[in-house]
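1. What follows is a protein structure lacking sequence information:
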């Protein structure tokens with residue numbers, strides 16, 4: 001699916017399933033808020049951030065279901081959590097580790113002297129590239145539960161390499177969408193931008209369902 005069509009079809013799905021997506025958006029936002037508040041109270045509680053992964057996988061399951069079938073029931077959230085909590089946990093750990101390692105590398109090289117600036121720039125580039133790969137990895141991880149995680153990562157990397165400009169523009173577009181959400185509501189989970197981002201990624205990264213096209 002082309003990028004403009006992915007944004008357009010996702011907007012149509014958002015319109016028809018808005019209240020369900022509001023609930024999913026709030027569910028994920030509540031998980032993020034709980035981890036933030038816990039980590040503010042006890043710094044060590046930041047490790048609980050990996051638990052956001054299973055909740056995010058559940059939301060992604062719902063958006064993948066909607067993208068493929070044009071229908072969504074709230075019961076899918078529990079089904080998605082039951083089916084994908086392990087894979088969501090792995091994805092959450094991977095994401096948390098990559099962000100922490102990337103931030104540490106950028107900070108280290110940025111303060112290491114003039115000679116290290118190219119390495120700081122390279123660290124930023126690699127972190128951004130990792131973020132773009134997530135746009136393919138999360139939908140595929142939910143869409144192909146029977147595949148091994150290594151194979152899913154490989155498929156996601158191949159998909160991004162096959163359409164690098166498309167995924168880069170997807171990342172930029174979703175960044176702008178969520179920036180608007182932050183400006184509109186201060187906290188993005190008070191809007192539908194997170195669920196919409198998941199939905200656009202599902203439409204763009206996954207093959208079209210012929211039955212839905214009919």
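-> Arrived safely. All values reported here derive from a predicted model rather than from experimental measurement. Residues are numbered from 1 along each chain as shown.
2. CA atoms for contacts and neighbours, from now on please.
-> Will do.
3. Where does the prediction get shaky in this protein?
-> 43-46, 184-191, 210-214 (pLDDT under 70).
4. hmm, 90 instead?
-> Scanning the chain for pLDDT under 90 picks out 1-2, 14-52, 69-71, 95-97, 99-100, 102-103, 105-122, 177-195, 207-214.
5. which residues of it fall in strands?
-> Using DSSP state E, no strands are found in the chain.
6. how distant is the top helix by length along it from the center of its chain?
-> Looking across the chain with DSSP state H, the single longest helix is helix 75-110. Here the centre of helix 75-110 is set off from its chain's centre by 9 Å, with CA atoms, centre = their mean, to the nearest Å.
7. Tell me which other helices or strands it touches.
-> helix 52-69, helix 117-143 (3 or more CA pairs under 8 Å, 6 or more residues apart in numbering; DSSP states H and E).
8. right, so those helices: which one is the most enclosed?
-> Across those, averaging neighbours per residue (mean count of other CA atoms under 10 Å) puts helix 52-69 on top, at a mean of 26.
9. can you tell me the distance between the two ends of stretch 139-155?
-> For stretch 139-155, the separation between the terminal residues is 11 Å (CA to CA, to the nearest Å).
10. Buried ones in that stretch, by neighbour count?
-> The neighbour-count check on stretch 139-155 (16 or more other CA atoms under 10 Å) flags 139, 140, 141, 142, 143, 149, 152, 153, 155 as buried.
11. With the flanking residues excluded, which residue is spatially nearest to the third one?
-> The spatial neighbour of residue 141 that comes closest, neighbours along the chain excluded (CA to CA, 6 or more residues apart in numbering), is residue 152 at 6.0 Å.
12. now the fourth one
-> If the residues on either side of it in the chain are set aside, residue 142 comes closest to residue 61, at 5.9 Å by CA to CA, 6+ apart.
13. In this model residue 76 seems to touch the one you found, though I could be wrong.
-> Yes. Judged on CA atoms under 8 Å, residue 61 makes contact with residue 76 at a distance of 7.5 Å.
14. returning to that earlier point: now, which of the buried residues of stretch 139-155 sits nearest residue 125?
-> Nearest to residue 125 among these is residue 153, at 19.1 Å by CA to CA.
15. ok, now how distant is the closest one from residue 130?
-> Distance from residue 153 to residue 130, by CA to CA: 11 Å.
16. what touches both of those two?
-> The contact sets of residue 153 and residue 130 do not overlap (CA atoms under 8 Å, 6 or more residues apart in numbering).
17. related to what we said a few turns ago, distance of the residue nearest to residue 142 relative to residue 152?
-> 15 Å.
18. and what of residue 118?
-> Note on residue 118: its distance to residue 152, by CA to CA, is 32 Å.
19. Kindly report the same for residue 2.
-> Separation of residue 2 from residue 152 (CA to CA): 22 Å.
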